[in-house]
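[1] Sequence plus the predicted model coming up.
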Amino acid sequence: MSAGRFWQWISLLSLVGCAAWQPSDRLRLPSPEMLPSQYTLERGQLVFHSNFPMTPHHRLVEELLSRRQEMTDRLGLPPEGEPVHVYLFDHQEQFQRFIAQRYPQFPPRRAYFLKTDTTLAVYAFWGDQLAEDLRHEVTHGYVHAVVPQIPLWLDEGLAEFFEVPRGQRGINREHLEFFRVRLGRRDWQPNLERLERLDRPLEMTLDQYAECWAWVHLLLEGPPAQRKILPRYLADLRLTDSPRPFRWFLRQELGQPEAQLLDHLQGLLKETH
């Protein structure tokens, strides 16, 4: 991504995860008076903005902070990065009104992550699914704060993995059910080269989102030797603007990664049957 060009990452939680937009030059960040601003809470890398008070040690805040530590440990990410601003609206109606007025071209969703050259921001409303929404969107913020050139497929795969509550080993039940059906019919094969060509999430299909998650799950929950691969690749991404395609990197490490992914999925399906 060249300097001066920016993408907006928009959650499609009810469909397929997140979507990316290349906005027009007229699209700007919202003015402060349009956003929740009465209260500000800073914890670690996160800056929460709301019109209602939040306790500094709220369970959700602590969960997001512990998720950052988990990502640091498992992915080898630097422990610090630029702030991620989280704007929490009181009600869904307020949130929807704001999005409709400020970003009328956005599809209706529960939460959004927007990235510009200078700001990482999450927009959401206080509701029953807020924890899942923030785990997903804040993951994007954490990643982009330290790996701004991350490929789309890997960014989405990490968000799909880390949106799952702790203690569930990143198993995304919806994606796993997709594989239960498709592998049962024997009409699906992994295709990492196809994923690496994607640069607009709105063009991604459900099976591609599922595959993004599956590759990340293999590399974070597979055998110990495989768990070293993603940290090394992310380190490369931080050091160069032209990293090697991940499929080349992976074949050097695994030989036949597609076969290993299929074996991994079959093992998960047996385990969760």
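    Thanks, I have the structure now. Fair warning: this is a prediction, and the values are worked out from it, not measured in the lab. Residues are numbered from 1 along each chain as shown.

[2] Now do the same for P148: helix, strand or coil?
    coil (DSSP: H, G, I helix; E, B strand; the rest coil).

[3] What is the burial count for it?
    16 (other Cβ atoms under 10 Å). Where you see a C-beta, it was placed from the backbone N, CA and C, and this is true even at glycine.

[4] What lies in contact with the strand or helix carrying Y87?
    Per DSSP states H and E: Y87 is located in strand 84-89. Strand 84-89 has contacts (Cβ atoms under 8 Å, 6 or more residues apart in numbering) with 35-36, 45-52, 54, 95, 98, 119-126, 130, 134, 138, 141-142, 145.

[5] Sitting in helices, which of those do you find?
    Using DSSP state H, 95, 98, 130, 134, 138, 141-142, 145 are the members of the contacts of strand 84-89 that sit in helices.

[6] Mind checking which of these are buried?
    Among these, those that count as buried by neighbour count (16 or more other Cβ atoms under 10 Å) are 95, 98, 134, 138, 141-142, 145.

[7] now those residues in JSON lines, with distance to Q168?
    Below are those laid out as JSON lines (distance: Cβ to Cβ, whole Å):
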{"residue": "F95", "distance to Q168": "27"}
{"residue": "F98", "distance to Q168": "32"}
{"residue": "L134", "distance to Q168": "17"}
{"residue": "V138", "distance to Q168": "18"}
{"residue": "G141", "distance to Q168": "22"}
{"residue": "Y142", "distance to Q168": "19"}
{"residue": "A145", "distance to Q168": "25"}
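
[8] between the residues you listed, which is nearest L192?
    Y142 (23.6 Å; Cβ to Cβ).

[9] so what's that closest one up against?
    45, 67-68, 71, 77, 81, 84.

[10] Same question for G76.
    230-232, 234-235.

[11] can you rerun that using 7 Å?
    G76 makes contacts with 231, 234-235, as judged by Cβ atoms under 7 Å, 6 or more residues apart in numbering.

[12] could you pull out the strands for the chain?
    8-12, 17-21, 39-43, 46-50, 84-89, 112-115, 120-125 (DSSP state E).

[13] L250: which of those strands is closest?
    Using Cβ to Cβ, the nearest of these to L250 is strand 17-21, at 21.4 Å.

[14] so where do the helices sit in the protein?
    Assignment of helices within the chain using DSSP H yields the ranges 59-75, 92-102, 130-146, 152-162, 173-185, 192-197, 206-221, 229-239, 246-254, 257-271.

[15] List the buried residues for the first one?
    Neighbour-count burial for helix 59-75, with 16+ other Cβ under 10 Å as criterion, is recorded at 61, 64-65, 67-68, 71-72, 74-75.

[16] Give me the distance between the residue lying closest to R247 once chain neighbours are set aside and P79.
    Spatial nearest neighbour of R247, chain neighbours left out: L192 (4.6 Å); criterion: Cβ to Cβ, 6 or more residues apart in numbering. For L192, the distance to P79 (Cβ to Cβ, to the nearest Å) stands at 30 Å.

[17] who's more crowded, those two?
    Taking other Cβ under 10 Å, L192 and P79 do not tie; L192 has more neighbours (18 against 11).

[18] For the residue nearest to R247, give me its contacts.
    Per Cβ under 7 Å, 6+ apart, neighbours of L192: 215, 246-247.

[19] go with 8 Å
    153, 215, 246-247, 250, 257-258.

[20] Show the model's pLDDT score for it.
    pLDDT, L192: 92.

[21] What about K228, how many residues nearby?
    For K228, using other Cβ under 10 Å, the count is 12.

[22] Tell me which residue of the chain is furthest from the middle?
    The C-alpha centroid of the chain is most remote from R185, which lies 29.1 Å away (Cα atoms, centre = their mean).

[23] From what I see, P245 and E196 are in contact.
    Yes. Taking contacts as Cβ atoms under 8 Å, P245 lies within contact range of E196: 5.6 Å.

[24] ok, those two, which is more surrounded?
    More crowded of P245 and E196, by other Cβ under 10 Å: E196, with 16 against 13.

[25] Okay, that one and M71: tell me how far apart.
    22 Å.

[26] so which of the strands of the chain gets nearest G157?
    Going by Cβ to Cβ, the one of the strands of the chain nearest G157 is strand 17-21, 9.0 Å.
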